[in-house]
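A.B. asks: Provided below are the primary sequence and the corresponding predicted coordinates.
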Amino acid sequence: MKIISRNNHPSLGILASVQSFFVRFHLAQIARASNVTKAKGVPFHVLFCYLLSTIFSNKSTYRDYLNHQDQLSFSDKTFRNLLNTGKINWQKFLIMLCRQIIQFIKPLTDQTRRNVFIVDDSMYERAHAKRVELSAFQFDHAKHRHVRGFRFLQLGWSDGNTFLPVTFSLLSGRNQVCGVNSADGRTHSGKRKLQAQRKATDVVRELLSSALNQGVHASYVLFDSWFSSPKMFHQLREMKLHTVAMVKRSKKIYYRSNGQLMDVKDIFKTQKKRRGRSRYLLSVTVEAVVAGEKALPLKLVFVRNRRKRKEYLVLAATDLQLSENEIIQLYGKRWSIEMYFKMCKQYLRLARYQGLSYDGIFAHTALVAMGYSLLAVQHREQADDRTIGELFYLMVDELADVNFTEAIQQLLDLFLEAFEDEYVLSEKIVNQIIEKFLEKLPTRCRQQLVKAAS
């Protein structure tokens, strides 16, 4: 017996938000620049808006199609062909969309705020994947075991308030469960598949280079210890990018301090530490040395580990003008990408696509990133301090018997009825309270209420 009935009617509010997003950020022009071409049949914007709206439906695209197929003008094969096509450059699509959104939020951001690129990876698990193209056994550091799937390498952009996914790659590995069907390096599909089989550090530079070439810029690159090495610092500095990263406490990685090559543990032992309850224990300038390259100055900041008082974390910055507190604050912005991974996996159906084609999985992941970008824009436009997670629940109507607009209208009617016979508050004051309440609602809901009232 179902206690709460499910709403199987298509959400016009979500579809209207997606269509508005499509027009507002000129996605038709971006699609043409990304090699999205349809000579006949259903237009791309119709399929795109439908696929993006299903990201918020909490159902697979196919299940959503079965519920609404009598209202749609295309078959399930139509949108599957769009997902599985290898002609579309989804990475370029995402970068150009990110550039448009950055231009939108730029006037809302203080000019002195430092914009950053953030690099990180997460597991894209397909536990029962035996025939998924390019899937491989990956070591999951959270579960401490090998799982089938991909290494989801993400490049993001942040101004400290809004995080935007710029571009990504789904990396395979040496222990592949299923090999590649075909990889012609002249096509966009082939380039993605060949990129998936390269080293993560090489792919990071490719993603950064693509973003810079398309006009997405930032002053610093943030990443954790998995990507940090003297060679990486040199390569990013050649791209005219400064780095703020966590450094591995390894005996195999050396930095030049006082003319001697030492690892960070030996550097910590030989230097005088700060006393008291300072945020950091030690700050020292060293050099990152790579054979055949000029030594690169680095500022190492040894930070207290709040969880384990006897241990410490090591941050490195190539910009020597940054103070120790600024380095710590900048690295703190990296946390936003962890929230991005959590949102995509728990609410936006990141790893729940059941296709076997690498192109289809890649296209679905790009749609998830665009869905998150839509939420990021909604979040930036609101006057209140709600999180993206709460905005998501406003958009998803899976358990609703009435839509959000009708529910608000009913609440307002009940509010007016409750104070109808009360003489403590005048009608003018009640109307002012309602107006302030309406101002706090999302823009889309406020517009729908105005239409309903008229």
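C.D. replies: On my side now, so go ahead.

A.B. asks: dump the residue contacts of the closest residue to residue 338 other than its chain neighbours.
C.D. replies: The spatial neighbour of residue 338 that comes closest, neighbours along the chain excluded (C-beta to C-beta, 6 or more residues apart in numbering), is residue 120 at 7.3 Å. Backbone N, C-alpha and C define where each C-beta goes, glycine included. Counting by C-beta atoms under 8 Å, 6 or more residues apart in numbering, residue 120 makes contact with 153, 154, 156, 223, 224, 334, 337, 338, 341.

A.B. asks: Equivalent analysis for residue 376, please.
C.D. replies: Residues in contact with residue 376, defined by C-beta under 8 Å, 6+ apart, are 101, 162, 163, 164, 388.

A.B. asks: That one and residue 136: what is the separation?
C.D. replies: Going from residue 376 to residue 136 by C-beta to C-beta, to the nearest Å gives 31 Å.

A.B. asks: do residue 229 as well
C.D. replies: On the measure of C-beta to C-beta, residue 229 and residue 136 end up 23 Å apart.

A.B. asks: swap in residue 360?
C.D. replies: Residue 360 is 17 Å from residue 136, where distance means C-beta to C-beta.

A.B. asks: coming back round to it: which of the contacts of residue 120 are buried? Put it as a ChimeraX command.
C.D. replies: Filtering the contacts of residue 120 down to the buried ones (16 or more other C-beta atoms under 10 Å) takes a single ChimeraX command:
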select :153,154,156,223,224,334,337,341
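
A.B. asks: any chance of the contacts of residue 120 in CSV, with pLDDT too?
C.D. replies: Listed next are the contacts of residue 120 as CSV, based on pLDDT from 0 to 100:
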residue, pLDDT
153, 95
154, 96
156, 96
223, 93
224, 91
334, 93
337, 94
338, 92
341, 93
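
A.B. asks: Filter the contacts of residue 120 down to the ones in helices?
C.D. replies: Mapping these onto helices (DSSP state H) picks out 337, 338, 341.

A.B. asks: center of the chain - which residue?
C.D. replies: residue 165 (3.9 Å; C-alpha atoms, centre = their mean).

A.B. asks: Show me how far stretch 85-101 is from its chain's centre.
C.D. replies: 14 Å (C-alpha atoms, centre = their mean, to the nearest Å).

A.B. asks: before we move on, what about stretch 125-132?
C.D. replies: Centre-to-centre, stretch 125-132 and its host chain are 23 Å apart (C-alpha atoms, centre = their mean).

A.B. asks: if we look at it, which residues are touching it?
C.D. replies: Outside stretch 125-132, the residues touching it (C-beta under 8 Å, 6+ apart) are 135, 140, 147, 148, 149, 150, 177, 178, 351, 356, 358, 361.

A.B. asks: what's the span of it from first residue to last?
C.D. replies: End-to-end distance of stretch 125-132: 11 Å, with C-alpha to C-alpha, to the nearest Å as the criterion.

A.B. asks: Over to stretch 336-355?
C.D. replies: Start-to-end span of stretch 336-355 (C-alpha to C-alpha) is 29 Å.

A.B. asks: Show me what that stretch is in contact with.
C.D. replies: Applying C-beta under 8 Å, 6+ apart, the contact partners of stretch 336-355 are 55-56, 58, 60, 80, 83-84, 118, 120, 122, 124-126, 149, 152, 154, 156, 158, 163, 165, 360-361, 364-365, 368-369, 371-372, 375, 388-389, 392, 396.

A.B. asks: coming back round to it: and the contacts of residue 376 as a markdown table, adding neighbour count, pLDDT and distance to residue 323?
C.D. replies: What follows is the contacts of residue 376, written out as a markdown table (neighbours: other C-beta atoms under 10 Å; pLDDT from 0 to 100; distance: C-beta to C-beta, whole Å):
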| residue | neighbour count | pLDDT | distance to residue 323 |
| --- | --- | --- | --- |
| 101 | 21 | 94 | 31 |
| 162 | 19 | 90 | 25 |
| 163 | 25 | 94 | 24 |
| 164 | 25 | 96 | 27 |
| 388 | 17 | 47 | 31 |
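
A.B. asks: what's the farthest-apart pair in those residues?
C.D. replies: Greatest spatial distance among the contacts of residue 376 (C-beta to C-beta): 101 and 388, at 14.1 Å.

A.B. asks: where in the stretch 1-150 of the chain is pLDDT low?
C.D. replies: 1-12 (pLDDT under 70).

A.B. asks: list the helices and strands the host helix or strand of residue 261 packs on?
C.D. replies: Here residue 261, judged by DSSP states H and E, is contained in strand 260-262. Here strand 260-262 touches strand 255-257, going by 3 or more C-beta pairs under 8 Å, 6 or more residues apart in numbering; DSSP states H and E.

A.B. asks: Can I get the buried part of the contacts of stretch 336-355 as one ChimeraX selection?
C.D. replies: Selection of the buried residues among these in ChimeraX, burial being defined by 16+ other C-beta under 10 Å:
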select :55,56,58,80,83,84,118,120,122,124,125,126,149,152,154,156,158,163,165,360,361,364,365,368,369,371,372,375,388,392,396
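
A.B. asks: what's the closest of the contacts of residue 120 to residue 200?
C.D. replies: For the contacts of residue 120, the minimum distance to residue 200 (C-beta to C-beta) is 5.9 Å, reached by residue 153.

A.B. asks: Now do stretch 240-249: everything it contacts.
C.D. replies: The contact list for stretch 240-249, computed with C-beta under 8 Å, 6+ apart, reads 116-117, 208, 218-225, 227-229, 232-233, 236-237, 253, 263-265, 300, 313-319, 322, 327, 330-331.

A.B. asks: Next, the distance between the ends of it.
C.D. replies: The straight-line separation of the ends of stretch 240-249 (C-alpha to C-alpha) is 26 Å.

A.B. asks: Drop anything exposed from the contacts of stretch 125-132.
C.D. replies: Neighbour counting by 16+ other C-beta under 10 Å classes 135, 147, 148, 149, 150, 177, 178, 351, 356, 358, 361 among the contacts of stretch 125-132 as buried.
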